[in-house]
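S.K.: How does the following fold in three dimensions:
(2 chains)
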Amino acid sequence: MEQQVSYTLDSTLDTVDHAEEKATRIATELGFGEDEVMQISMAVREGAVNAVLHGNAYAPDKKVILAFERTSQDLVITIRDQGTGIDLSTIPNPLAPENLLKTSGRGIFLMRSFMDAVEIRPSQTGTEVKMIKHVRGPSAAGKEGSQ
Amino acid sequence: MTMKASIRQVDGVAIVDCSGRITLGEGSVILRDTVRDLLSKGSKKIILNLGDVNYIDSSGIGELVSAFTTAKNQGGELKLLNLTKKVHDLLQITKLYTVFDVKDDEAAAVKAFK
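M.R.: Purely as a prediction, here's the structure:
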């Protein structure tokens, strides 16, 4: 993968699968282990689901921007939608006893569980989710060795 | 791989052998339709065999919860069988592992119905 790559995607269910596939490929290329690749790809999938369904609400004129950036220490993934911005105060804690049997509301929780850091920046022109996974594998070691 | 579900009857218990991915879209719909179809036909004892389910997302988790509560609300009972490590870990971190009745032996799961 180049240092940075971004994709502009339609607000469709296919985008969710494509985003996951790209995350799987890039995380694998960067040398993450099998479990970490699964975590990264699932976090991206959940972010893409939120962007397509809740952000853009499948609107054909709205796009999802998916970007991957490799820094010296991290894989930084950004997902932006063009919706009206998520209200973070309305997101319930999915681990609360009264919410355990709810059929939705676990996406952001899973993203936070699987990534080292997740920042969510809502605005009136869309929501940006930035997710960071620290590089700990052979890829990072190789980079250090080359310095 | 798309999700597939096939149904067997063992001692009055409907065992749904699931394989593939239970994710937003087709996978979740297949699971939902399968469980609701069983319940509408009077099959109140249901086991979801997830041994060949290699991936599940938050929508799939929601669909498992929906299947569990739908069965319960209709006087039925639903158990999970043969969780893969990935699905097991997901149910652990979402605190759903103790909500579901999870089994790892089919015969024991069948016998466990009242």
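
S.K.: which residues does residue A:120 contact?
M.R.: A:86, A:88, A:108, A:127, A:128, A:129 (CB atoms under 8 Å, 6 or more residues apart in numbering or on different chains). Using the backbone N, CA and C atoms, a C-beta is placed for each residue, glycine as well.

S.K.: same question, residue B:15
M.R.: Counting by CB under 8 Å, 6+ apart, residue B:15 touches B:7, B:8, B:9, B:46, B:47, B:49, B:81, B:106, B:110.

S.K.: Relative to residue B:48, how far out is it?
M.R.: 8 Å (CB to CB, to the nearest Å).

S.K.: which stretches of chain B form helices?
M.R.: Taking DSSP state H as the criterion, chain B carries its helices at B:26-40, B:58-73, B:85-93, B:106-111.

S.K.: mind giving me TSV with the ones you listed and columns for distance to residue A:10 and mean neighbour count?
M.R.: Converted to TSV, these look like this (distance: least, CB to CB, whole Å; neighbours: other CB atoms under 10 Å in any protein chain shown):
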stretch	distance to residue A:10	mean neighbour count
helix B:26-40	18	18
helix B:58-73	19	21
helix B:85-93	28	16
helix B:106-111	43	14
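
S.K.: how about those helices, which one is nearest residue A:68?
M.R.: Residue A:68 lies closest to helix B:58-73 among the helices of chain B, at 21.4 Å (CB to CB).

S.K.: Tell me which other helices or strands that closest one touches.
M.R.: With contacts taken as 3 or more CB pairs under 8 Å, 6 or more residues apart in numbering or on different chains; DSSP states H and E, helix B:58-73 sits against helix A:34-49, strand B:13-22, helix B:26-40, strand B:45-56, strand B:77-81.

S.K.: Show me what it is in contact with.
M.R.: Residues outside helix B:58-73 that contact it (CB under 8 Å, 6+ apart) are A:46, A:49, A:101-104, A:106-107, A:110, B:21-25, B:27-28, B:31-32, B:35-36, B:39, B:44, B:46, B:48, B:56, B:77-78, B:80, B:90-91, B:94, B:96, B:99-100.

S.K.: With adjacent residues omitted, what lies nearest to residue 51?
M.R.: Chain wasn't specified; assuming chain A. residue A:81 (3.8 Å; CB to CB, 6 or more residues apart in numbering or on different chains).

S.K.: that answer is for a different chain, and I need it for chain B
M.R.: Closest to residue B:51 by CB to CB, 6+ apart is residue B:82, at 3.4 Å.
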